[in-house]
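**Q** pasting a predicted model and its sequence here:
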Amino acid sequence: MTTQEIQAQAQAQEAIGAAAYIVRPGTAEHVPLPHGGGFELLADAGDTGGALGVNRLTLGEGADGARPHQHARSTELFYVLDGVVEFFVGGGTTSVARGGLVVVPPGTPHAFGAAAGATADLLAALTPGVDRFGYFRALGRIQRGLDTFDSLLPEQDRYDVHFLGGAVAADWESARARTGRAPSR
């Protein structure tokens, strides 16, 4: 985004008193992903007094959303707006369709992606909030080949996103392969 676009976005998103934060339609920052999806950055922790952070994520057919990770401090909520999302939560895999809700408590390993043959549109909220817009921008750069995944590793504590390898990652990869969609690297 240009400086002018960021300023216009800030003007369009209004903090109304201490009680409300409003994002007008079409004003959220969009972070494109290569499979035709992207992040809509709706509210960061700084916008909500630390209460929560919210984004909307659209995923192309069979696209990965997040590799295995956990949050030390925050609960993450996913509401499936459309499509089908394959969730890996606490060692098991389940598909959740439009209208479904998944709540992941702190310390619970999880990953997700659009199910094989399906696209996905989901709303994600993290509470208490962590300022993570920088994280989502970095993911967009990584997905488009403009940066490496390793660049995120020093930022795990800052964004409360702790990536998991070993058996957890292998289980996720195996689950994705069984459903016809191997995770991207």
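**A** Good, I have the coordinates. Residues are numbered from 1 along each chain as shown.

**Q** can you point me to the longest helix in the protein?
**A** Ranked by number of residues, the top helix in the chain under DSSP state H is helix 166-178.

**Q** for it, give me every contacting residue.
**A** Contact with helix 166-178 is made by 64, 67, 68, 86, 88, 91, 93, 109, 111, 113, 182, 183, as judged by Cβ atoms under 8 Å, 6 or more residues apart in numbering. Placement of C-beta: from N, CA and C, glycine included.

**Q** tell me the pLDDT of the spatially closest residue to residue 147 that is not a sequence neighbour.
**A** Spatial nearest neighbour of residue 147, excluding adjacent residues (Cβ to Cβ, 6 or more residues apart in numbering): residue 141 at 4.1 Å. Residue 141 carries a pLDDT value of 95.

**Q** offset the numbering so it begins at 824, please.
**A** Yep, numbering from 824; the last one is residue 964 now.

**Q** run a quick neighbour tally on residue 964.
**A** 14 (other Cβ atoms under 10 Å).

**Q** in a helix, it, correct?
**A** Yes: counting by DSSP: H, G, I helix; E, B strand; the rest coil, residue 964 falls inside a helix.

**Q** distance-wise, check it relative to residue 942.
**A** With distances taken as Cβ to Cβ, to the nearest Å, residue 964 is found 22 Å from residue 942.
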